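Q: need a structure here:
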Amino acid sequence: MRARVETVATIHGDRPVMRVRVGTTDRAAALTPRDGETIAAAARTALEERLPVIIDIASTGADINEGLAALHGWGQAARALTACSGIVPTIISVDGPAVSGPALLLGLADFVIMTESSYAFVTGPHMVRQFTGQPVSTTELGGASLHARITGVASTIVADAAGAETAVEALLDFLPGHNDELPPRIPTEDPADRATPEARAIIPDTATGSYDVRSVIRALADDGELLELRAAWAPNLVTGFGSIDGRPVGFVANQPCALAGTLDIPASQKGARFVSFCDAFNIPLITLVDTPGFYPGKDLEWRGMIRHGAQMAFAYARATVPRVNVTLRKSYGGAYIVMDSKRMGNDLALAWPSAEIAVMGAKGAVEILHRRESVEERLNLEAAYEARLLNPYIAADRGLIDAVIDPADTRGELAAALSVLEDKREQLRPRGHDNSPL
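A: Residues are numbered from 1 along each chain as shown. Down below sits the predicted model:
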């Protein structure tokens, strides 16, 4: 198939994609009106042909010599890329600069791949120095590492352009071409009913012990493979793609070895964005829960923890794809709700025998309700609270957990659930659009 613009409709593996490359050595890689129009035309063509969009960009910003015409060009690109959102996957690969208007395109894409030498910012070091009096380098202001750790703009960081190609191909393996397709099945010889006793062995015996939840995910996923996204940003929540019995899934999991698995503002944003993407492109969601709640702090509350925490609740509540929740250990308070609890509408809620599902932990509850008691009495009350409430069978009795399962059976249970839910179709009520708590 020939593209109608200066782009390439190419083949990645065995599937077509729309690819456009922007950035030359001419005029220091400034974005010309033609460049913006080319991106826009490529996005429109991808929308018409229902193809994923891949943009390779290296631009120092709108060409000053072209004036407003250059700004108009990237404005066109932004509008066309926005039209693709939720209909065809959009991936931007940055190998070099992405400055000013072109940098904002990164925020519109579903995934952003940055090479180690790339950088991106809206206002550059010169403007920062003029307005603040503080000198700053391009790397300090918008280097790839910063976008991986601090801003969350970068989905993944690679060494060079060849690494970016590999990263694009890895992503496409899990994605459908458009929102009317199911994701492609991934060949595997890993038995769907493979027992996973090692998953339980990963969890410490103590309620406060730390562990890496990615080890649990790899125990459950086909061939132990996890494509983690935004790994360095909000590390207290793990998001990434894997497959179970060949079916691509999106994993969302609390990470106990970072902030004890609590939810803060970046984690809420990270989780909401990922859940929303999976829902748009028919990718089932597996949520693994081990969290003591939202991270407490005046600074977080002042920065809008209410709004941002609601983003996770909003994303899960409106998701129509198959959703399975597995409580591994702790699930307390408001974080229990937003991590795809039963009343948020998941299709299956499972729990391990080690699960503790409650408003809060025993120590916190006793300190609030019985703070005047002696130390010895408080210890006895904590033990009684744990025995009476901190087990999954209470939640199961109330219909909040569908089944308490042996951790060794988890992979088999997930595979069976995904098979049953494969034909799930759920429609949202017609409306212009929702009003997400941005």
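Q: going by C-alpha atoms from here, please, whenever you check contacts or count neighbours.
A: Will do.
Q: helices of the stretch 51-200 of the chain, start to end?
A: Ranges of helices in the stretch 51-200 of the chain, per DSSP state H, counting those that start in this stretch, are 68-84, 101-108, 125-132, 138-142, 144-146, 161-172, 197-202.
Q: reformat those helices as JSON lines; add distance to residue 427, mean pLDDT and mean neighbour count.
A: Output for the helices of the stretch 51-200 of the chain, formatted as JSON lines (distance: least, CA to CA, whole Å; pLDDT from 0 to 100; neighbours: other CA atoms under 10 Å):
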{"stretch": "helix 68-84", "distance to residue 427": "20", "mean pLDDT": "83", "mean neighbour count": "20"}
{"stretch": "helix 101-108", "distance to residue 427": "25", "mean pLDDT": "90", "mean neighbour count": "21"}
{"stretch": "helix 125-132", "distance to residue 427": "48", "mean pLDDT": "89", "mean neighbour count": "12"}
{"stretch": "helix 138-142", "distance to residue 427": "41", "mean pLDDT": "94", "mean neighbour count": "17"}
{"stretch": "helix 144-146", "distance to residue 427": "39", "mean pLDDT": "97", "mean neighbour count": "23"}
{"stretch": "helix 161-172", "distance to residue 427": "26", "mean pLDDT": "96", "mean neighbour count": "16"}
{"stretch": "helix 197-202", "distance to residue 427": "35", "mean pLDDT": "95", "mean neighbour count": "16"}
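Q: need the ones you listed in a markdown table with distance to residue 305, can you?
A: Below are those laid out as a markdown table (distance: least, CA to CA, whole Å):
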| stretch | distance to residue 305 |
| --- | --- |
| helix 68-84 | 27 |
| helix 101-108 | 21 |
| helix 125-132 | 28 |
| helix 138-142 | 25 |
| helix 144-146 | 23 |
| helix 161-172 | 31 |
| helix 197-202 | 31 |
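Q: out of those helices, the one nearest residue 350 is which?
A: helix 197-202 (14.2 Å; CA to CA).
Q: just how off-centre is the closest one within its chain?
A: Distance of helix 197-202 from the chain centroid (CA atoms, centre = their mean, to the nearest Å) equals 25 Å.
Q: show residues contacting that helix.
A: When contacts are defined by CA atoms under 8 Å, 6 or more residues apart in numbering, helix 197-202 is touched by residues 211, 215-216, 219-220, 407-409.
Q: filter those residues to the buried ones?
A: 211, 216, 219-220, 407-409 (16 or more other CA atoms under 10 Å).
Q: dihedrals phi and psi, the closest residue to residue 263 other than its chain neighbours?
A: Spatial nearest neighbour of residue 263, excluding adjacent residues (CA to CA, 6 or more residues apart in numbering): residue 294 at 4.6 Å. Residue 294 adopts backbone torsions of phi -80, psi 150, taken as degrees, to the nearest 10.
Q: burial count for residue 294?
A: 20 (other CA atoms under 10 Å).
Q: and it, what's its pLDDT?
A: According to the prediction, residue 294 has pLDDT 92.
Q: which residues does it contact?
A: The contact partners of residue 294, taken as CA under 8 Å, 6+ apart, are 262-264, 334-335.
Q: okay, now the domains of the protein?
A: Segmentation of the chain into domains, based on automatic domain parsing, reads 8-172, 197-355+391-423.
Q: how far off centre is the first one?
A: Relative to the centre of its chain, domain 8-172 is centred 19 Å away, using CA atoms, centre = their mean.
Q: related to what we said a few turns ago, closest to residue 243 out of the helices of the stretch 51-200 of the chain?
A: Among the helices of the stretch 51-200 of the chain, helix 161-172 sits nearest to residue 243 (CA to CA), with 12.5 Å.
Q: what helices or strands is that closest one leaning on?
A: Of the remaining helices and strands, those touching helix 161-172 by 3 or more CA pairs under 8 Å, 6 or more residues apart in numbering; DSSP states H and E are strand 90-99, strand 111-115.
Q: list the contacts of that helix.
A: For helix 161-172, the surrounding residues in contact (CA under 8 Å, 6+ apart) are 12-13, 91, 93, 95, 113-115, 158, 227.
Q: weed out the non-buried ones from those.
A: Buried by 16+ other CA under 10 Å: 91, 93, 95, 113-115, 158, 227, out of these.
Q: tell me which two in these are the farthest apart.
A: 95 and 227 (21.0 Å).
Q: distance of residue 332 from residue 347?
A: 20 Å (CA to CA, to the nearest Å).
Q: worst mean pLDDT among the domains of the chain?
A: Lowest mean pLDDT within the domains of the chain: domain 8-172, at a mean of 87.
Q: and the spatially most central residue of the chain, backbone torsions?
A: Residue closest to the average C-alpha location in the chain (CA atoms, centre = their mean): residue 274, at 3.0 Å. Phi and psi for residue 274, reported as degrees, to the nearest 10, are phi -70, psi -40.
Q: which residues touch it?
A: residue 239.
Q: need the contact list for the nearest residue to residue 329 once chain neighbours are set aside.
A: In this structure, residue 329 finds its nearest non-sequential neighbour in residue 355, 4.0 Å apart by CA to CA, 6+ apart. Residue 355 makes contact with 327-331, 390-392, according to CA under 8 Å, 6+ apart.
Q: and if we set it to 10 Å?
A: Residue 355 makes contacts with 207, 289-290, 326-331, 390-393, 395, 404, as judged by CA atoms under 10 Å, 6 or more residues apart in numbering.
Q: show me those that map onto strands.
A: Judged by DSSP state E, the subset of those located in strands is 289-290, 326-331, 404.
Q: redo these as TSV? Include distance to residue 319 and neighbour count.
A: TSV is the format used below for the ones in strands among the contacts of residue 355 (distance: CA to CA, whole Å; neighbours: other CA atoms under 10 Å):
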residue	distance to residue 319	neighbour count
289	18	29
290	21	28
326	17	27
327	19	27
328	22	25
329	24	25
330	24	25
331	21	26
404	24	19
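Q: from those, which two are the most distant?
A: Farthest apart among these by CA to CA are 290 and 404. That separation is 15.3 Å.
Q: my guess is residue 413 contacts residue 350, does it?
A: Yes - shown here, residue 413 and residue 350 form a contact pair, counting by CA atoms under 10 Å, at 9.0 Å.
Q: so what sits against both of the two?
A: Shared contacts of residue 413 and residue 350 (CA under 10 Å, 6+ apart): 324, 405-406.
Q: which one (most neighbours) among these?
A: Neighbour counts for the shared contacts of residue 413 and residue 350, by other CA under 10 Å, peak at residue 324, which reaches 25 neighbours.
Q: give me every residue that touches that one.
A: With contacts defined as CA under 10 Å, 6+ apart, residue 324 is in contact with 251, 284-288, 340-342, 345-350, 413-414, 417-418, 421.
Q: repeat for residue 227
A: So, once contact is read as CA under 10 Å, 6+ apart, residue 227 ends up touching 156, 167, 170-171, 174, 239-243, 250-251.
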